[in-house]
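Asker: Fold the stuff below for me.
(2 chains)
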Amino acid sequence: AQSVTQLDSHVSVSEGTPVLLRCNYSSSYSPSLFWYVQHPNKGLQLLLKYTSAATLVKGINGFEAEFKKSETSFHLTKPSAHMSDAAEYFCVVSDRGTYKYIFGTGTRLKVLA
Amino acid sequence: EAQVTQNPRYLITVTGKKLTVTCSQNMNHEYMSWYRQDPGLGLRQIYYSMNVEVTDKGDVPEGYKVSRKEKRNFPLILESPSPNQTSLYFCASSLSKTLANTGELFFGEGSRLTVL
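Answerer: Below you'll find the predicted structure:
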């Protein structure tokens, strides 16, 4: 069975400091993993996806995530936060061969000036 | 422009009055799905469709119906809306999942529904 846990519901960072948003997953099969971002009153936009080709995945706007099978984690990082990064972030898991997408409950990122 | 279009974007209705939220995609995607987003719960899947005339229940299907008569359209029907269906709804689509394609979802802008 699939599940995903986002360990922090809210994260606050100062502009220019690193961002870490944590995600742990459970999957019966080889999973597809995604991070999506949702800005206020907007739809969800794909930040990056894990395709099994490489464990370190680079996405848009300087974000990256590392797939760690032994830890069942897919944490999202960015070296230096920008004010425009303030949004809600969702970690998503989907087992290969299925069409079920399981969303985490989201992490709201606040960036302080 | 490749997109998923939902209508209406905002709707206030009353208990029991049937309504339909439309969803259309222009990317020739086989897979389409509906989600509802509620504070603290993330997005939960309502229904999904793997192709024309093929639909299946997600995690929270009660009180909803869908149909997939054409590849591009996947309307969400609330036959008798109730206040607990007040939520933000998203439609999404994806290419079929294959070894080469991980099936990333493309989302519409959302439809905010209030049932009084």
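Asker: show me where pLDDT drops low in chain B?
Answerer: Along chain B, segments meeting pLDDT under 70 span B:96-102.
Asker: mind running it again at 80?
Answerer: Within chain B, the segments meeting pLDDT under 80 span B:96-103.
Asker: Going by secondary structure, the spatially most central residue of it is in what exactly?
Answerer: Closest to where the C-alpha atoms of chain B average out (C-alpha atoms, centre = their mean) is residue B:34, at 2.5 Å. In this assignment (DSSP states H and E), residue B:34 forms part of strand B:31-38.
Asker: Pull the residues that contact that strand.
Answerer: A:99, A:101, A:103, B:23, B:25, B:43-51, B:58, B:60, B:64, B:66, B:68, B:74, B:76, B:87-97, B:103, B:105, B:110 (C-beta atoms under 8 Å, 6 or more residues apart in numbering or on different chains). Yep, even glycine has a C-beta here, placed from its N, CA and C like the rest.
Asker: Can I get it as CSV, trimmed to CA atoms?
Answerer: Below are the C-alpha coordinates for strand B:31-38, written out as CSV (Å, rounded to 0.1, in the frame of the first residue of the first chain):
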residue,chain,number,x,y,z
TYR,B,31,-5.6,9.5,-17.8
MET,B,32,-7.8,12.1,-16.0
SER,B,33,-8.7,12.4,-12.4
TRP,B,34,-10.5,14.6,-9.9
TYR,B,35,-9.3,15.6,-6.4
ARG,B,36,-10.6,17.6,-3.6
GLN,B,37,-8.4,19.8,-1.4
ASP,B,38,-9.3,20.5,2.2
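Asker: Spit out the contact partners of the residue nearest to residue A:71 when sequence neighbours are not counted.
Answerer: Nearest non-adjacent residue to residue A:71, counting by C-beta to C-beta, 6 or more residues apart in numbering or on different chains: residue A:24, 7.7 Å away. Contacts here follow C-beta under 8 Å, 6+ apart; on that basis residue A:24 touches A:4-5, A:7, A:71-74.
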